[in-house]
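K.L.:
Turn this into a structure:
(one chain, ligands or ions: 2)
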Amino acid sequence: MTAAVANGHATPARGSSPGRSLVLRNLRKEYTPGKPVLLDVSVEFAGSGVTAIIGPSGTGKSTLIRCVNRLVEPTGGEILFLDQDLAKLRGRDLRAARRRIGMVFQEYNLVERLTAIENVLCGRLGYVAPWRAWLRKFPAGDIDKAFELLDAVGLADRAGHRADALSGGQRQRIGIARALMQDPDLLLADEPTSSLDPKTSVEIMELITGLAAKRNIPVIVNIHNVELAKRFAQRVVGMTGGAIVFDGPPDQLRDDHLKQIYGGEAWL
Ligand SMILES: Nc1ncnc2c1ncn2[C@@H]1O[C@H](COP(=O)(O)OP(=O)(O)O)[C@@H](O)[C@H]1O
Ligand SMILES: [Mg+2]
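P.N.:
Residues are numbered from 1 along each chain as shown. Ligands and ions are numbered 1, 2, ... in the order given. Alright, predicted model coming up:
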């Protein structure tokens, strides 16, 4: 294997693909056989813009987006992205496909004892030859890029701070920079603001949606805060009991939809 291949430069050019749309066909997940938590979900996500998935706890939102990057193994169905069925990939092909999908987690998933800049560089690990990752030696271009991304998320002055010395909002900013370090063709975010206060939550959503829009990366974000979903997404998908029960622009989401999605009405 050449260094160029190990560094990922042999992968097809990005941004030039005709579409970054994601199509789920009859996606099914049963953690326990016979007890599906995703009921053959079929939905198409366009190759740009922000889609928010809302719905009560335990309804399958995380399972759905974790099936897309195969952190969860789907039981059935197709996940069509960039001319491949992600559900069928294994080994090297799966690793290559995963590199094209960035993920932002609720609990940040940083390496606590590494610095901010090292955590951002971790987004590049899929591209770097294993011996380089082992030595934590990254090409100069990657290091420049990691600093640019830390600057873009407002943390240029925290590059050398350990992750465990930073606030929740700062940690999530690192999570965003790390995901973008992959040059993803799709950005998934699973409740990225659930552990944050309301003001920081808005700032984090602004960063995710703003930086993705600048790069024309489609975003799918699980978010239980309906107001944030309506504010930042062009499309809202409402799930309940493992199925999609609403799909439309935020201004069409009415109280009767919310009752159907979340049940009851006393909370409205
Ligand atoms: N690893 C797992 N093993 C078994 N059951 C799981 C696992 N992850 C999630 N579940 C179950 O699947 C259902 C959907 O969970 P999840 O996708 O996390 O929902 P949400 O993100 O909407 O809260 C829940 O009933 C949950 O308990
Ligand atoms: Mg969840």
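K.L.:
tell me which element the spatially most central residue of the chain falls in.
P.N.:
Closest residue to the average C-alpha location of the chain: residue 188 at 1.6 Å, with CA atoms, centre = their mean. Using DSSP states H and E, residue 188 sits within strand 186-190.
K.L.:
Please apply the same query to residue 71.
P.N.:
Residue 71 belongs to no helix or strand when assigned by DSSP H and E.
K.L.:
The residue in the stretch 101-250 of the chain that ligand 1 sits nearest to: what's it in contact with?
P.N.:
Here the residue of the stretch 101-250 of the chain nearest ligand 1 is residue 222; by CB to the nearest ligand atom that distance is 6.2 Å. For every residue, glycine as well, the C-beta is placed using N, CA and C. Going by CB atoms under 8 Å, 6 or more residues apart in numbering, residue 222 touches 52, 53, 61, 62, 64, 65, 189, 190, 191.
K.L.:
What pLDDT does the model give it?
P.N.:
pLDDT for residue 222: 98.
K.L.:
From ligand 1, how far out is the nearest residue to it once chain neighbours are set aside?
P.N.:
Among residues not flanking residue 222 along the chain, residue 61 sits closest, at 4.2 Å (CB to CB, 6 or more residues apart in numbering). Per CB to the nearest ligand atom, to the nearest Å, residue 61 is found 3 Å from ligand 1.
K.L.:
how many neighbours does residue 161 have?
P.N.:
By the measure other CB atoms under 10 Å, the count of residues near residue 161 is 15.
K.L.:
do the same with residue 39
P.N.:
By other CB under 10 Å, neighbour count at residue 39 equals 15.
K.L.:
Give me every residue in the chain lying close to ligand 1.
P.N.:
The chain comes close to ligand 1 at residues 31, 37, 55, 57, 58, 59, 60, 61, 62, 63, as judged by CB under 6 Å from any ligand atom.
K.L.:
Between those, which sits nearest residue 256?
P.N.:
Closest approach between the residues of the chain next to ligand 1 and residue 256, by CB to CB: residue 55, at 15.5 Å.
K.L.:
Tell me the confidence at that closest one?
P.N.:
pLDDT for residue 55: 96.
K.L.:
cool, residue 98 as well?
P.N.:
pLDDT, residue 98: 94.
K.L.:
Equivalent analysis for residue 10, please.
P.N.:
Per-residue confidence (pLDDT) for residue 10: 37.
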